[in-house]
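S.K.: Model the structure of this input:
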Amino acid sequence: MIELATEQLIIRNFTSVDGDDLFQIGTNYEISEYAKYDHGPWPGSPEVYKGIVESWSKNDDFLAVILKEKNKMIGFISVPRKSNKTFDFGFVFHPDYHGSGYATEACKVVLKYIFETFQAVQVNTGTAKENYPSCNLLKRLGFTFTGENNVSFRTDENGNPIELVALDFVLSREDYLQKYVS
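M.R.: Residues are numbered from 1 along each chain as shown. Below you'll find the predicted structure:
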């Protein structure tokens, strides 16, 4: 079980009580301008989220981000291990909490955990070129741009692919140590 804490947040494994909050996050994300740049669509039923939460609670790949003052999940971070010392990294936060610094605070503590506990060598991530807030967050966290490619995760109302430019980023152990430990 993972439980990390910052001044304002608790980052922990998912539990059965997180279904309603995850439903709110997914529903709000699905209607956001950024949903078209991601896998989806997100489910529309609260019952489906109970199953997702049950699945996510069985491992450390997905972590709930809880705002202490409200005891409410405001987002989640994904950190699936790709190999012994390489991880993928992703995040989704409820739009009501964008621009507050919570994503930066949560992501920093999770990256610290990955690099220090598992001695990670590399963390990979990506986002749409048009998703400026995510691009800026990744840069603040120390990720380095490594390339771009054209992809499509969804179709429009006529069934045509919604194409986008996806940016790839990496945070190496050396860059992490230089930014956070030096």
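S.K.: just so I have it, where are all the helices in the protein?
M.R.: Under the criterion DSSP state H, the chain contains helices at 19-30, 46-56, 102-117, 132-140, 173-176.
S.K.: JSON lines please, covering those and showing mean neighbour count.
M.R.: (Each C-beta comes from the backbone N, C-alpha and C, glycine too.) Converted to JSON lines, these look like this (neighbours: other CB atoms under 10 Å):
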{"stretch": "helix 19-30", "mean neighbour count": "20"}
{"stretch": "helix 46-56", "mean neighbour count": "16"}
{"stretch": "helix 102-117", "mean neighbour count": "19"}
{"stretch": "helix 132-140", "mean neighbour count": "16"}
{"stretch": "helix 173-176", "mean neighbour count": "16"}
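S.K.: can you name the farthest residue from the center of the protein?
M.R.: For the chain, the C-alpha farthest from the mean C-alpha position belongs to Asn158; by CA atoms, centre = their mean, that distance is 29.4 Å.
S.K.: Tell me, what's the model's pLDDT at it?
M.R.: With respect to pLDDT, Asn158 has a value of 91.
S.K.: Same question for Asp61.
M.R.: Here, the pLDDT recorded for Asp61 equals 97.
S.K.: Can you tell me the centre-most residue of this structure?
M.R.: Of all residues in the chain, the one closest to the mean position by CA atoms, centre = their mean is Phe91, 1.1 Å from it.
S.K.: dump the residue contacts of the residue lying closest to it once chain neighbours are set aside.
M.R.: Nearest residue to Phe91 in three dimensions, chain neighbours excluded: Ile77, at 4.8 Å (CB to CB, 6 or more residues apart in numbering). With contacts taken as CB atoms under 8 Å, 6 or more residues apart in numbering, Ile77 has the following neighbours: 11, 62-63, 65, 89-91, 106-107, 110.
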